[in-house]
Structure formats: structure tokens, C-alpha cells
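Peer 1: Next one to model:
(2 chains)
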Amino acid sequence: MKGKRHRLVILTIAILALCAGTYAPTPTHALAQAPKYKEAPMLAELVKAGKLPPVGQRLPEDPLVVETFESIGQHGGMWRRGFLGPGDFNNYHRVVYDALVRYSPDGTKVDPKLASKVEPSKDFTSWTVILRKGAKWSDGTPFTADDIMFWYNDVLLNKDLTPAIPFWMRNKDGSTVVVEKINDNTVRWVYREPNTTFLMELANKDSGDRVYAVFLPSNYLKQFHVKYTDKAQLDRMAADAKFRTWVELFAARNHPPENPMRPTMAAWVPVTRVSDQMFILRRNPYFVGVDKAGNQLPYIDFIQFKFFTDAVSLNMAAIAGQLDLQERHISLANYPVFKEQEKKAGKYRIILWPTFGGTDASVSINQTFAKDPDLAKLFQNKDFRIAMSLAINRNEIKESAFLGLGEPRQPVAAPWHPYYPGDAYAKKYTEYRADEANRMLDRIGLDRKDAEGFRLFPGTTRRATIELSVVPAFGPWPDIAQLVAKDWERVGIRTIVQVRDRSLHFTMRQANDLQVEIWNQDTSGFPFTGVPKYDPRSLLYGTLTTGPLWKQWYDTGGREGVEPPAETKRIVELIDRGKTVGPRDQVRIAQEIFKIWVDNMYEIGIIGLTPMIQGVVVANVRMRNVPDKLGNDWPLRTPGNARPETFFFKK
Amino acid sequence: MLRVIVQRLLLLPVLLLVFSILVFVLVQAPPGDFLTSYVSMLAASGSSVDMAQVEALKHQFGLDQPIHIQYVRWMESLLKGDLGLSLEYQRPNRELIGEFLLLTVLLALLSFIFTWMIAIPAGIYAATHPRSFLDYALAVLNYVGVATPNFLLALVLMWLAFSHFGISITGLFSPEYVQAPWSLERVVDLLKHIWLPMIILGIAGTARLTRIMRANLLDELNKPYVVTARAKGLSEWRLVLKYPVRIALNPLVSTIGWYLPQLFSGSLIVATVMNLPNIGPLLLRALVSQDMYLAGSILLIYCFLTIVGTLISDVLLAWADPRIRMEG
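Peer 2: Down below sits the predicted model:
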């Protein structure tokens, strides 16, 4: 009875959806004019009506041929997802992954996408990017070298739009890297010294995080740029849209999720805005990709992001089977419920994509803490840090906070990653040895205890009390913090857990006010690019609190801040060298960085390789070509690296 | 009376100016600014932001200016009758608030009507039939209604709907109508969804109002004027409705004013739980992300509504109760 009612409800919903015209009409017949490439039924109608050129004319001369994970798919359908409002725009960027080149599904190499080829010079000082000839933006205008030159000349080199040149576009001497047009389809980046991380950087210049992508629809955006449009007119346009300056106007009009008018190169283009209740994407008729059978991609016609006021109601919708493929905002804590419903309702399957390495909860200790000299001395003592690592009962945390998933490990790359430094380092100091921790603490002068059994600072009657700051983000960090505190108190170190709001925690991190914090280490696959947490120069703003004043020292050329110890300087040297050497040497260098990192225990890894960060995947049983294994990290734009344009609904 | 109204209206801009400063200071009071919360939000969803990027965003959002300049800018646009631009949404606040306001007002109005339509007859019945079976039954229901938090009720109903019918009853529209322009079908779809939040939001109020109505009316029913009227042979129904009920309504009428702003803020948790496109969650979000222009604008509208609401209650009170009118 219940099952019947169930089916009836689904049927009603399906019929309603069909009536509303959200699904494309059923295919009538194949197209005659383009035998080589096949059209999506949704577009065939438009082509027949003369509103769109046939697929052969829309694709570039050498389309991107995308491998499918399972099989050749079928066109049609709508992929339902959930999002949490305009601040969640990276949800869009992760799905479309609109870049010149992109990471492979396993995340270990970079493949061509919009660019057909990227070639380095022999000494890696220059990189030639060759675009697909005849490729077009989603509005049908040609996609050429000028679109990259517009980014370089008018956006990157424009002080108003780019107040500070990003790290990857600077030479060692601080000068800006030169980008030059070779011909209509070819652009060359010229560096002063060898650069071997160019591809990895390029793979992330897709306008995620509101950074300007390296290729911009110049024909469209010129109307918002002061160089091409009369200032008075531009000011009027800005004022009409309530913006104060043309810079704000330009930034907003450039950001695809905020402006459906802006052409993109992605497989799907927005038709509504991310600030709407329903953010909808429609297939891009000009997308450059086809499958091996010549079907133009993507398979799925629409993507619908439904707005949820908070992640809990989003999880509820996912449990009810109302989302077709969702990993973002799915909480690991709900994993048992999902598993139960997976069997009972049979609407979806659960896939786990563990993180790409590092640890999903790690404790970092502020090496430049200045508010309390006794604590500062303690934090800088390597034996203290090692003792603190040995005092943590990781298996207990794994069972209670991670539902038994993942493994105890230090913040280094995963075993399947080329950079893996070996078990000796991944597991170093991760055993639970409270006795040894006690002995080490005694040895470093914390051998006197008060009446309650807490250790006192050497030569004082003051308790050695640590504050552990934690933010309820991603996973069960506050619970983990409590468990760590309990373990530390067991060896006599008084630990106070402070659960803080994200903004407050970040402000304190910025101000060098945090003592010890819990965050994650997700950069172990990318120690040379992006914002690696191993690099003291990229500390703060979303990374770790290992040594805020070290950063200041580097930023001011040594005038302010705290001079880092030799090991840290060595890490910086290694990172810089890693950017200039070939892949084989990069492996060696990455491993050396991890070894220094683990030996010094600036950051104590707890549990890693869990699906905590957007790795619990709820997938409709009809949704195919979704890989079971996938590299999962932000630089990979997961699930963007899974080739979402090949996902399809089995009819 | 007219003089009072004019006085109040003249005071309105001054009050709003004071409130705007207060509101702006309060929204800015938590540590950090919009950018800190923005970057921490990005970091908490897996991104890491480079310093050059933070610099660019700061410039782009106009946050490189001192606070008082930011306030003056907001004030300038307010004086032009414009609520400024939301930092997070990158859209004019007026457009955003307007979109949410219509549905908020509609829902509030419906739950208000629901509350009064049930509470007043129930209160009258309970007062005129004290210690009857139905009176006790209503009392029990009322206590449950007041004691159960709205959001809990919403959660229980949502769970029941899911476990029995496999559907999740959230939002005010079916997916295909969320973005659709207004049409008859969309209104029908809205009506199909809005009754549940209407009942949930109305229930506590209904229970409370019934009790107030009952108590007030009971006080009135024994007064000499009622006895006199009854002695003069007025039919019981006419008698009760014409005098004591009108007086018993007094305290209810005087709280209509508070009801106005409460309608917007009171539904916050329910709206969040039920995923309603309401102004409450919009404000909460704006406060959390320190989107000061949006939060400030909504709070200022709240202040405005409180002032106007009090004015309305005064006018209504004067209309309903001749004694007050005389004093004026």
C-alpha cells in the first residue's frame, strides 16, 4: 500500500514537471545535416526552426573528445542540486569547471579542455597555449586569443580591477609575467625563470572564488570597461545598477552566476542568477566537447540548484531523494541515515570520495604566539609538540567522530598520490603513547603538578593551560576538539576548547591571537600552487595559524614580524624550487617538504582520508557515468574533475 | 487625535536617523567585516584565498574605506529613497527585500487572519461557557499550543510527511513555479503550499489569544452594565457581542502594532526550518555574513514598521473604545 502511494507521488511529480515544460520533448528523429556529430533533441528543434546553426557548425574544428566513465549516454533530463544562496557560488564553479585545461579525474595530471594543447619551451620559461580553432562562446561569438589578451591587458594590468598582481603572474624579481599573442588561436606566457607549475595554475583560472578567469568574453565585457566605453555612460550604467564604481559593475557583470547575459564556455550556462531562489543552468549549444560516438555534450539538458536556507534542510531533501547528485553540504554525520534510505527507498546510491590526502582534522600550534611568553616557549619546543601528538588517542576519535572512516595520519599526501612520502612519515608520532608523552613532558621541565594533577610552567605556580580554538565548519570539529582536550588533560595539560564563529576565529587568526586551532590540511596534493598551507607566506586567510608573524617577516622583507627558523626557511626554498623543476624532481621536493613538516610537528595530524569534505555523494540510481573513485579537493573542482558533462540519466 | 498622528509622523524621520546609526553600529559590532566573513565562508567550503585576491575584493566591495565613510554612503542612498546594494547578493537591496516582502506579508496576513478567526470565537465560547467540557478541552489545547515551539511543530509535521508519504514539504512553491512569473497556476501552487506554514505560525498565537480573550471577557461579563442590559431584556448573543466583547478586544487591538514587526522576525526559525522564502532568513543571513547594507536596510524597515504599527494600534484603539477617544 505504502509503496503504491510512493509511486503515485513520484508519478505525479514527474507529470507536473513534464507539464511545466522543464523536460525536453521526446526525440523525434536524428538530424540529417551533420552526420558526423549528433545533436541533443532539445536543440534539434531550434536548428530546424533556423534559430541555431547545426551542430557541425557550432563545434570547433577539433572538438574536445571526452572519455565516458561507464558508457555512451543519452541526452536529456534535469540534474537537481541544492545550494545555500549567493555565497555558495563555488557550487556552480565546481560543477561547470570552466577552464582552459583541467585536472584528470584522479587529480594527478592536467588535461586539455578549451585549449587543445599547452606546450612548454625546453627550459620551461615560456608556455604556448593553443586554443581550439572555431570554438565559440555560448552566444555564438568566436573564442580567440583576443579573449585572453583582454584579460591580460585590460583586467590583470588594470590597477583598478587588479590592485595586486597574483603570485603566479609575478616573476621572482616582482615584475609581471608577459603574455603575448602569437596568432588568433595562440597565446604565449613568458616567464623570466623556469616555471613548471604553469599547467596546475592554469587549471584553476576558471573564475572560481571570484578570481578573474584568464579568458574573458571580450566582445561582451568591453561595454563595461572604462577603456572601451565612455566614462560618463559607464557611470550612469553603474548608478542604475546601484553600483558606486565601474569596477564593481564590471566585476558583477563578469561573474557568470550573477549575470546570465555573460557568455561562458562551460557545458551549461546560467539562465537565472545565484541570488534567485532557483538557480538554473541550461545546456550550452556551443560547448566544445563531444563523446566518442560524436554526440555533442553535455548529455543533461538542465541543472537546477534549489536554494536552501540551511544545510540541514538541504540534507533532508537529499535524504528524501530530491537531489540527483549532491556531495556539497552533505554532512558526514548523516551517513548512517543515507545508508539506511539507500536500501529502503532505493532512489539513490551513496558513493564515498575520500579527500585527496592531508588530514581532515589537524591541530596547528602557533609558533609565533606572543601574548604569553611561557606558552610561547612551550609551543616552540619541538618535544612538547611531539608529546602532544603522542597523547592523542586517534582511534577513539576515528570511531566516534568519523564513524570509523579514514585513518590516523599526519598531514602528507595520500598513499595513491605520487608525492606520498611513505608510511614512516604518514604514521610518524600517530601511535597513542600517553606514557611516552608524560615522560617527554616531564623531561622538558613540566614535571611539577598542582593538586588537580595539571602541570605547572617551570619555576612558577601557574598551570600550563592551552586554548584550543575550533570552528563548526565541515565536520564534527567541536567534538574532536573535546576528545583532544580530554586526551591532553590526561597527560596533565589543561586544555580549554573554544568553539568560535568562523569570522571571529579568522579575525583572531589574522591578529596572531590564536594559540592552537583545529582545521584541515587539504593542500598536500598541491604544495607548489594555489595557497599551500605549508608555505608560511600564504598563511592566514583561510589557511592555518602555524606562524602568522613569519608571514609578516616575509611580507616586509624581514623588517617586521618574526624570523622563521631554518627548517621553515628551507620549506620556502623548496617550494620555490619546486615551481621551477620537472615533475620527477617535484616529487622528491614535495616529499622533502612533508618530511620537514612532520619532523617538526607544527601541525599535528589526527584523522585523514575520510569523505568529510564534500565526499559523501548522494547519486540518483538513474544517474550514470558517475565515478566510484575520484580525487576530491577544491583545486580539482570536485565533482568538476569527474567530467559532469558526461553524466546522464538512464531511461 | 489628528494632532497626535501628525506629531508622530513628524518625529518619524528623526527616529529613523537615530535607528540607522544604531543599526549600522550593531551590524558592524561583531569582529571582522563582510570580507572576513566572506573569506571564512569560502575557506569553510574548501577554498583558500590568496592575499592579492583579498585585496582585490576589498577594493571591489568598497571596504577599503573607513566605517564612517561607508555609513555616509549608505545614508546618501537612503536619502534618495534607495536602500543601497547588497554586498553578498550584488543586487539592489530594494529588489531583494521587495521580492521577499510580498510573500512574508502574505504569509503573515494569512496566519494573522487564521489566528483571529479561531481565537476570538473560541475565547468567547470558553468565557460564556466556563467550566464546560469544551472549555477544558480548549484549555488543554491552548496550553499545548503555547508550550510547543513553532519550529518543533514544523519539524514534527515535516517528519510525518516524509515518513508516511515520502515527500518533503518545504518552501512555498513546487520547483517549476519558484522562478515562474505570476500567473493563476502559480497562485494555486502557492495556496497548495502556504496553508501549512500558516497553521504552524498561527497556532501559538491562537492559543495565546484564546486565553486572553477568555480572561478579558470573563472579567466583563459580571460587570453591572451587563447585568443591566440583560435585565432590560436584550438577547444574550446581542448583549455579549455588542458590549463586553468589544471591550475585551481592547488589549488585542493594542498589540496589533507589535504584531506588524513581529510577523517578520517571529517566523525566523520556522522559515529557516521549512525553507520559506521569507525575510527572516534573509536578515539572519545578512547578519551572519555582515552584509551591513542589507542587514541595516531590513532592520531599518523593522523599526519603521514598529513605529507605524504603534500608530495603527493607537488609531484602532481610539476607534474601538470611546473612552480612549474622549481622552485624546
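Peer 1: What residues sit buried inside stretch A:62-69?
Peer 2: By 16 or more other CB atoms under 10 Å in any protein chain shown, the buried positions in stretch A:62-69 come out as A:63-64, A:66, A:68-69. For glycine as for every other residue, the C-beta is placed from the backbone atoms N, C-alpha and C.
Peer 1: and what of stretch A:435-444?
Peer 2: By neighbour count on 16+ other CB under 10 Å, the buried set for stretch A:435-444 is A:436-438, A:440-442.
Peer 1: Contacts for that stretch, please.
Peer 2: A:381, A:383-384, A:386-388, A:390-391, A:447, A:455, A:491-493 (CB atoms under 8 Å, 6 or more residues apart in numbering or on different chains).
Peer 1: State which one residue of the stretch 51-200 of chain B is found closest to chain A.
Peer 2: Closest residue of the stretch 51-200 of chain B to chain A, CB to the nearest CB: B:E176 (3.5 Å).
Peer 1: Find the nearest non-adjacent residue to the residue in the stretch 551-651 of chain A that chain B sits nearest to, please.
Peer 2: Using CB to the nearest CB, A:W634 is the residue of the stretch 551-651 of chain A that sits closest to chain B, at 4.1 Å. In space, and not counting its chain neighbours, A:W634 is closest to B:G46: 4.1 Å by CB to CB, 6 or more residues apart in numbering or on different chains.
Peer 1: near chain B, from the contacts of stretch A:435-444?
Peer 2: When CB under 8 Å from any CB of the partner chain is applied, no member of those is adjacent to chain B.
Peer 1: Which members of the residues you listed are classed as buried?
Peer 2: A:381, A:384, A:386-388, A:390-391, A:455, A:491-493.
Peer 1: Go through the buried residues of stretch A:62-69 and say which is closest to A:P298.
Peer 2: Proximity of the buried residues of stretch A:62-69 to A:P298 (CB to CB) peaks at A:V66, which lies at 9.5 Å.
Peer 1: tell me the phi and psi of that closest one?
Peer 2: Phi and psi for A:V66, reported as degrees, to the nearest 10, are phi -100, psi 130.
Peer 1: what's the nearest residue to it if we skip its chain neighbours?
Peer 2: A:V66 sits nearest to A:G289 (CB to CB, 6+ apart), 5.0 Å away.
Peer 1: Taking the chain centroid, which residue in chain A is the extreme one?
Peer 2: In chain A, the greatest distance from the average C-alpha position (CA atoms, centre = their mean) is reached by A:A451, at 48.4 Å.
Peer 1: Distance of it relative to chain B?
Peer 2: Counting by CB to the nearest CB, to the nearest Å, the gap from A:A451 to chain B is 37 Å.
Peer 1: quick one: that residue from A:G459, how far?
Peer 2: When distance is defined by CB to CB, to the nearest Å, A:A451 is 18 Å away from A:G459.
Peer 1: which bits of the stretch 51-200 of chain B sit near chain A?
Peer 2: B:51-57, B:59-62, B:73, B:77, B:82, B:84-85, B:88-92, B:96, B:158, B:162, B:164-168, B:170, B:174-179.
Peer 1: helix, strand or coil for residue 188?
Peer 2: Since you didn't name a chain, this refers to chain A. Following DSSP: H, G, I helix; E, B strand; the rest coil, we place A:R188 in the strand state.
Peer 1: please go with chain B instead
Peer 2: Applying three-state DSSP: B:V188 is helix.
Peer 1: quick revisit: give the contact list for the residue nearest to A:W634.
Peer 2: A:90, A:522, A:613-614, A:633-634.
Peer 1: so which pair among those is furthest apart in space?
Peer 2: Greatest spacing in the contacts of B:G46, by CB to CB: A:N90 and A:D522 (14.0 Å).
Peer 1: Find the helix or strand that A:L52 is a member of.
Peer 2: A:L52 is part of no helix or strand, with elements assigned from DSSP states H and E.
Peer 1: Let me know the closest of the buried ones among the contacts of stretch A:435-444 to A:E258.
Peer 2: A:M388 (45.2 Å).
Peer 1: what helices or strands is the host helix or strand of the closest one leaning on?
Peer 2: Under the criterion of DSSP H and E, A:M388 resides in helix A:382-390. Packing partners of helix A:382-390 (3 or more CB pairs under 8 Å, 6 or more residues apart in numbering or on different chains; DSSP states H and E): strand A:359-365, helix A:434-443, strand A:603-608.
Peer 1: TSV please, covering the ones you listed and showing mean pLDDT.
Peer 2: TSV is the format used below for these (pLDDT from 0 to 100):
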stretch	mean pLDDT
strand A:359-365	94
helix A:434-443	97
strand A:603-608	96
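Peer 1: what's the closest of those to A:L405?
Peer 2: Of all the helices and strands packed on helix A:382-390, strand A:603-608 sits nearest to A:L405, with 8.4 Å by CB to CB.
Peer 1: Give the next helix or strand downstream of that closest one.
Peer 2: On the C-terminal side of strand A:603-608, the nearest following helix or strand under DSSP H and E is strand A:616-620.
Peer 1: Could you tell me which residues of the stretch 101-250 of chain A lie near chain B?
Peer 2: Contact residues (CB under 8 Å from any CB) of the stretch 101-250 of chain A with chain B: A:160-167, A:208-211, A:241-245, A:247-248.
Peer 1: In helices only, show me these.
Peer 2: Residues of these located in helices (DSSP state H): A:247-248.
Peer 1: which among the residues of the stretch 101-250 of chain A next to chain B end up buried?
Peer 2: A:161-163, A:165-167, A:208-211, A:242-245, A:247-248.
Peer 1: what's the closest of those to A:R94?
Peer 2: Closest approach to A:R94 among those (CB to CB): A:G208, at 7.6 Å.
Peer 1: hmm, back to that, now the residue nearest to A:W634. Its backbone dihedrals?
Peer 2: Backbone torsions of B:G46, given as degrees, to the nearest 10, read phi 110, psi -10.
Peer 1: And for A:P565?
Peer 2: Dihedral pair for A:P565: phi -70, psi 170, per degrees, to the nearest 10.
Peer 1: got a list of what it touches?
Peer 2: By CB under 8 Å, 6+ apart, A:P565 has no neighbours at all.
Peer 1: if we go to 10 Å?
Peer 2: A:367, A:380, A:382, A:547, A:550, A:600, A:602 (CB atoms under 10 Å, 6 or more residues apart in numbering or on different chains).
Peer 1: thinking the residue of the stretch 51-200 of chain B closest to chain A is in contact with B:E185, fair?
Peer 2: Yes: B:E176 lies in contact with B:E185 (CB atoms under 10 Å); the separation is 9.4 Å.
Peer 1: the more surrounded of those two?
Peer 2: B:E176 (20 against 14; other CB atoms under 10 Å in any protein chain shown).
Peer 1: as a whole number, average confidence for the helix or strand containing the more buried one?
Peer 2: Applying DSSP H and E as the criterion places B:E176 in helix B:175-178. For helix B:175-178, mean pLDDT is 82.
Peer 1: Which strands and helices lie in contact with that helix?
Peer 2: helix A:2-19, strand A:278-283, strand A:302-307, helix B:184-221 (3 or more CB pairs under 10 Å, 6 or more residues apart in numbering or on different chains; DSSP states H and E).
Peer 1: would CSV of these with distance to B:R131 be doable?
Peer 2: Supplementary listing: the helices and strands packed on helix B:175-178 in CSV, determined by distance: least, CB to CB, whole Å:
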stretch, distance to B:R131
helix A:2-19, 44
strand A:278-283, 54
strand A:302-307, 51
helix B:184-221, 11
